[in-house]
Structure formats: C-alpha cells, structure tokens
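**Q** Sequence first, predicted coordinates after that:
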Amino acid sequence: MAKAVLGIIGGSGVYDLPGLEDVREERIASPWGEPSDALRFGRIGSAQVVFLPRHGRGHRLSPSDIDYRANIDALKRAGVTDLVSLSACGSFREDLAPGAFVLADQFVDRTHRRQGSFFGRGCVAHVSMAHPVGPRLAARLVAAAEAEGIRHQAGGTYVCIEGPQFSSRAESLGYRAAGYDVIGMTAMPEAKLAREAEMTYAAVAMVTDYDCWHDEHGPVDVAAVVDMLERNVEKAQRLLARLARDFPAEHEPCPVGSDRALDGAIMTAPEMRDPRILARLDAVAGRVLGRP
Ligand SMILES: CSC[C@H]1O[C@H](OP(=O)(O)O)[C@H](O)[C@@H]1O
Ligand SMILES: Nc1ncnc2[nH]cnc12
C-alpha cells in the first residue's frame, strides 16, 4: 500500500474549496514555470487535500496561458498522488443537459500551442495514454456523486480545443458526429502531464451549455456558462467534500499503471541524457531517474 494524497484543480468558477480545514497556502516554485496560483493545503475529514485554481484567483489566465507543466510539477512536489480536475464544458448530447456532470475518461487533444510534455530533447520518453483516467479514482467519484444525489454520467469523451474562442458551428457538428460527449479548453495537456508525472487523474466535466450545434438553444456565450456554473458550483463542492471525506490515506497500485507510467518509458540512453533536463525532472521523474 502506498500513501495517497488528493489534489484538486478547480476550473472556471471554482477558485476556492470551502470545507477545506486547517488551510495553509504555499507558493511552490517550479523549474517549469509559474504555477497558476499558490497551492492551498488542508484537510477534509482525515484526508489531506491540495487545491489549485487552474486559471488563478480572479481568473487571470486563459486556457492557452496556463502553464500546465508548472501546475502538475508543483502538485507533484506537494506530494499529490491522485488528481481530480474540474472543468466547465459544452455538451454534444441532447441527454447531457446543462447541469449534468460527466466523469470523462477519454480525451481528444485539439490544442496546438501548449507545452505538452516534460520530456524531449535530452531525455525522451513515451507514456501510454490508452487509459488516461484511473478507474479506482473514477469509481470513487461515481460513489461520491451517488451518495450526494448528483446526476452524472460515468465515462465520456472530452475534446479539448485551444480556444479561447468557442467553436464554429461546423466544428461543433463535426465533434458531435465524431461521437464526442463534451467540449472544453483545459483537460489537455493536463491529463497527459499528470500521466507523465505518475499521478492518477480523473476529470469532472460540468455541462454548462450545448456549445453551438443545437437548433433550439442559442450558441454558448460566457454569460450562459457563468450562470450555469453558479448553479453547479455548490454541487461540485459537495461532490469533492464527499470524495475527500471517504478518501483513504493509503491505496493499492493503480490498475492502469498511472503511478508507474514511467517504467520502461524513457528511451534516451543514460549516458546521453542532458543533466540540465534531468535536474528539471527531479520531481516528475525522480522515482525512475533517482533524485539528485
Ligand atoms: C468560461 S467558458 C470557457 C472556459 O471555461 C472552461 O474552463 P475550465 O475547463 O477551467 O473550467 C473552458 O475550458 C474554458 O477555459
Ligand atoms: N461550449 C464550450 N466550448 C469550450 N469550452 C467550454 N467551456 C464551457 N462551455 C464550453
């Protein structure tokens, strides 16, 4: 059994975690850049929880300006093993109406101007993204949603666009025809980086709108998203409080290998690895590279 620490990334409208007790704030420096905000450490029940608002307090950062590597690296340095990401999203399905929660388990990455890996020139690695979400963590979210009476769908595909503009109608109809469930601007490369950092990841996508494909609903705009978020936020906070309250201090290895994703993943020969890159990888890949 290994120690478990729950991390939560709050999305649009979720800049705080009421219910977090004994809170301590700390700005964690990362060699990858500047995390979106100070981390808030606290506990819910007996579970240790670390919270980070993705866009920063006051929503200062657009999806393209977030330093996803710095955020994941900082959470890793804080000891987080299991990461729950909250997001607002649009829906491509009639039956996923605004207010629904989708526990997304697959992601399609349509972003194009973000740093998507901790690895590269000087230390190359390839991790599996076949199963981006940890099934045990997802099952805990399902149990928490059921206990709180929150309408949800277990599983679903989230397409992540670059933004900041919402999609055109042609794009929206194309994503819907492709069979995707929801659309947002932030789960990628967050989920990929969490995997590289050997953290178990799960995503709660809160439906705020029907994007712009639906003939009986007008195209999404910020006012509609904010209005729905205000109605969703209390449910999200209840879901997280329940999840944290029932979260164990230790758990078994992840069934899809999130916690050992770097085993066998690094291709670069040890003698050819760039020491400057290795120094930056101290937290993310310390388990396999050894800590300096
Ligand atoms: C305010 S609408 C667009 C904005 O909301 C979502 O953010 P997050 O995923 O952090 O909840 C979406 O991805 C966009 O960033
Ligand atoms: N329709 C939409 N597209 C992209 N991001 C969103 N966030 C909330 N609704 C969205």
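**A** Right, received. Where do you want to start? Numbers count the residues shown, from 1 in each chain. Ligands and ions are numbered 1, 2, ... in the order given.
**Q** Now do the SS call for residue 287.
**A** Using DSSP: H, G, I helix; E, B strand; the rest coil, the secondary structure recorded for residue 287 is helix.
**Q** Check the gap between it and residue 197 for me.
**A** Distance from residue 287 to residue 197, counting by CB to CB, to the nearest Å: 10 Å. (Glycine included, C-beta is placed from N, CA and C.)
**Q** between these two, which one's more packed in?
**A** Looking at residue 287 and residue 197 with other CB atoms under 10 Å, you find the greater number of neighbours at residue 197, namely 26 against 14.
**Q** all helices for the protein, in order.
**A** Remark: helices assigned in the chain by DSSP state H are 68-77, 135-147, 169-178, 187-196, 222-245, 275-280, 286-289.
**Q** anything in stretch 7-15 near ligand 2?
**A** No - taking CB under 6 Å from any ligand atom as the criterion, stretch 7-15 and ligand 2 are apart, separated by no less than 6.8 Å.
**Q** Ends of that stretch, what's the gap?
**A** For stretch 7-15, the separation between the terminal residues is 14 Å (CA to CA, to the nearest Å).
**Q** I'd like the distance from it to the chain centre, please.
**A** Here the centre of mass of C-alpha atoms in stretch 7-15, compared against the chain's by CA atoms, centre = their mean, to the nearest Å, lies 9 Å away.
**Q** model confidence over that stretch, on average?
**A** This predicted structure assigns stretch 7-15 an average pLDDT of 95.
**Q** gap between the closest residue to residue 128 other than its chain neighbours and ligand 1?
**A** Counting by CB to CB, 6 or more residues apart in numbering, the nearest residue to residue 128 once its immediate chain neighbours are dropped is residue 261, at 6.8 Å. Applying CB to the nearest ligand atom, to the nearest Å, one obtains 23 Å for the distance of residue 261 from ligand 1.
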